[in-house]
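**Student:** the amino acid sequence is not available; the structure is as follows:
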């Protein structure tokens with residue numbers, strides 16, 4: 001099995017060892033594959049998830065049976081709805097015990113079935129080359145996601161024929177959009193008075209950001225990204241519109257409300273459902289993706305261009321006339337610029353807008369921002385400028401609190417030439433705080449900025465709007481300096497935007513992990529609601 005993992009190009013496995021995985025850990029000790037020991041299986045799954053997103057190759061995590069496997073589920077579910085390639089491996093009791101009540105036995109294969117593209121219990125050792133190859137092939141195929149393999153003690157300890165070898169990898173042949181459909185789509189777009197492109201993470205996964213930018217610049221069509229599509233278009237471009245994913249009426253600020261034709265490029269519906277921008281079902285839709293459109297009453301494309309996204313965008317560009325930047329794109333861009341500056345500082349606190357400006361100012365264009373989930377995600381998704389693809393990692397399909405710190409560790413390992421900065425709330429950060437030790441042990445230069453408010457802020461915001469009061473949302477926090485010191489991290493505390501920028505610059509210059517805490521002024525959250533109710537699941 002380890003030879004098969006090596007054949008798949010696996011460089012590291014995020015893991016917590018267990019009694020039922022002794023054989024595979026022993027085999028890995030004789031392999032160039034690195035075992036990254038973590039402090040909770042959820043952290044292992046999140047790390048595999050983020051590594052998969054950044055590299056396009058399946059990240060691998062390993063847990064034992066029972067509680068080890070159940071602890072993986074949240075991270076596996078995140079990879080499933082956020083379309084990140086992953087292979088999760090779990091141990092299991094001997095096969096002669098699975099038919100009856102046994103110590104720590106639960107049916108992990110059945111448990112993981114709803115959150116995996118494919119999973120299997122390995123029941124014959126000679127099938128391992130086929131099973132492993134299938135798991136990686138399906139995990140990495142569009143739309144990517146997690147696969148799961150269960151290896152019982154019986155199979156792990158079994159003898160194998162010495163002739164057994166890993167299967168060679170083969171890439172599926174690329175598909176191509178129908179030329180007649182491309183011409184039809186161009187006719188629809190040429191007839192539009194206000195076309196808008198809605199682009200998602202599929203564009204980034206396909207490496208098609210360059211094709212999207214070329215199409216926008218040639219045809220003068222503005223584009224709005226989903227949160228996970230940020231960076232597909234350079235936010236400094238006059239054709240880059242505000243991101244969607246915060247509220248049901250983000251479609252207004254992003255120009256989708258007034259668009260007559262919406263060209264959906266690599267758009268994953270799970271991020272920002274069509275009901276939020278096409279509730280009237282009146283939009284003409286052109287679907288550009290590697291896969292056919294999902295069935296949805298509010299998402300009925302007039303034309304589907306199914307094939308390699310980059311090639312399709314190039315063909316579509318050739319069918320469209322050159323046009324300048326339209327006036328409506330310029331008007332819509334003003335909203336983001338205005339919002340970033342629309343802040344009044346409260347002494348001793350940092351506004352979300354000022355924090356975003358400071359963080360963006362301290363980071364290089366190619367550095368990676370990883371957002372945990374909470375009120376800060378809503379601010380970052382809407383306002384943080386992204387300049388390059390895969391530089392903003394946001395969980396917005398599963399929207400999982402706790403992904404931030406493990407994600408920073410995965411980014412630092414997968415792409416050490418780029419700096420990774422995580423922004424977390426104090427609620428999400430403490431959900432996987434134990435991984436601070438992992439970052440210290442590995443000597444990783446992770447930087448985590450924690451927006452501190454001592455409460456589950458998004459829930460409080462929604463309670464205020466619905467009931468006029470808050471209840472059961474507040475909690476205490478540790479001494480941040482003492483917490484950082486106990487894990488061997490540096491710590492800085494910033495109480496205004498300028499201090500935050502300076503703290504972040506100093507942290508990014510260090511070799512080791514750094515924690516920055518910021519008392520955040522979440523009174524500004526009312527601005528997020530100024531255009532309507534939060535979207536379901538935001």
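**Tutor:** Noted; the coordinates are in hand. Just so it is clear, the model here is predicted, and its values are computed rather than measured.
**Student:** going by C-alpha atoms from here, please, whenever you check contacts or count neighbours.
**Tutor:** Fine.
**Student:** so where do the strands sit in the stretch 151-300 of the chain?
**Tutor:** Along the stretch 151-300 of the chain, the stretches classed as strands by DSSP state E, counting those that start in this stretch are 195-199, 223-225, 261-265, 284-289.
**Student:** need the winner for burial among those.
**Tutor:** strand 223-225 (a mean of 29; mean count of other CA atoms under 10 Å).
**Student:** mind giving me the packing neighbours of that strand?
**Tutor:** strand 195-199 (3 or more CA pairs under 8 Å, 6 or more residues apart in numbering; DSSP states H and E).
**Student:** okay, angle between the strand it packs on and strand 261-265 too, please.
**Tutor:** Here strand 195-199 points in a direction 20 degrees away from that of strand 261-265 (axes from the mean of the first three to the mean of the last three CA atoms, to 10 degrees).
**Student:** can you list the strands that strand 195-199 pairs with?
**Tutor:** strand 223-225 (parallel), strand 261-265 (parallel) (DSSP bridges).
**Student:** any idea of the angle that strand forms with strand 284-289?
**Tutor:** Going by the same axes, to 10 degrees, strand 195-199 makes 30 degrees with strand 284-289.
**Student:** centre of the chain to strand 195-199, how far?
**Tutor:** When C-alpha coordinates are averaged (CA atoms, centre = their mean, to the nearest Å), strand 195-199 and its chain have centres 21 Å apart.
**Student:** which of the strands paired with strand 195-199 sits closest to residue 373?
**Tutor:** Taking CA to CA, strand 223-225 is the member of the strands paired with strand 195-199 nearest to residue 373, at 18.2 Å.
**Student:** who touches the closest one?
**Tutor:** 196-200, 216, 232-233, 239-244, 254 (CA atoms under 8 Å, 6 or more residues apart in numbering).
**Student:** closest to residue 474 among those?
**Tutor:** residue 244 (28.7 Å).
**Student:** what does the model give the closest one for pLDDT?
**Tutor:** Among the per-residue scores, residue 244 holds a pLDDT of 90.
**Student:** residue 357 versus that one, what's the distance?
**Tutor:** Going from residue 244 to residue 357 by CA to CA, to the nearest Å gives 19 Å.
**Student:** same check on residue 368?
**Tutor:** Distance from residue 368 to residue 357, by CA to CA: 15 Å.
**Student:** what does residue 53 give?
**Tutor:** Distance of residue 53 to residue 357, computed by CA to CA: 25 Å.
**Student:** if you count surrounding residues, which of the two has more?
**Tutor:** residue 53 (26 against 19; other CA atoms under 10 Å).
**Student:** give me the element the closest residue to residue 341 other than its chain neighbours is part of.
**Tutor:** Ranked by CA to CA, 6 or more residues apart in numbering and with sequence neighbours excluded, the top spatial neighbour of residue 341 is residue 353, at 6.9 Å. Element membership of residue 353, judged by DSSP states H and E, is helix 352-362.
**Student:** near residue 33, how many other residues are there?
**Tutor:** 17.
**Student:** dihedrals phi and psi, it?
**Tutor:** Main-chain dihedrals, residue 33, degrees, to the nearest 10: phi -70, psi 130.
**Student:** one step back: quick one, which of the strands of the stretch 151-300 of the chain gets closest to residue 96.
**Tutor:** strand 284-289 (46.0 Å).
**Student:** in its sheet, what does that closest one sit against?
**Tutor:** Looking at strand 284-289 with DSSP bridges, its partner strands are strand 261-265 (parallel), strand 303-306 (parallel).
**Student:** let me see the mean pLDDT of that strand.
**Tutor:** 98.
**Student:** list the contacts of it.
**Tutor:** Under CA under 8 Å, 6+ apart, the answer for strand 284-289 is 185, 202, 260-267, 293, 299-309, 312.
**Student:** next one: stretch 485-493
**Tutor:** With CA under 8 Å, 6+ apart as the test, stretch 485-493 has contacts from 436-437, 440, 480-481, 484, 500, 503, 512-518.
**Student:** ok, stretch 133-141 next?
**Tutor:** 4, 8, 56-58, 85-87, 117-119, 144-149, 166-167, 169.
**Student:** again, only this time at 7 Å
**Tutor:** With contact meaning CA atoms under 7 Å, 6 or more residues apart in numbering, stretch 133-141 is reached by 57, 58, 85, 86, 87, 117, 145, 146, 147, 167.
**Student:** from those residues, which land in strands?
**Tutor:** 86, 87, 146, 147 (DSSP state E).
**Student:** where in the stretch 401-538 of the chain is pLDDT low?
**Tutor:** The stretch 401-538 of the chain contains residues with pLDDT under 70 at 526-538.
**Student:** how about the helices in it?
**Tutor:** For the stretch 401-538 of the chain, the helices defined by DSSP state H, counting those that start in this stretch cover 404-414, 426-429, 435-442, 457-467, 480-486, 497-508, 525-528.
**Student:** over to the stretch 1-150 of the chain?
**Tutor:** Using DSSP H, counting those that start in this stretch, helices in the stretch 1-150 of the chain cover 2-7, 22-28, 41-55, 67-82, 108-112, 128-140.
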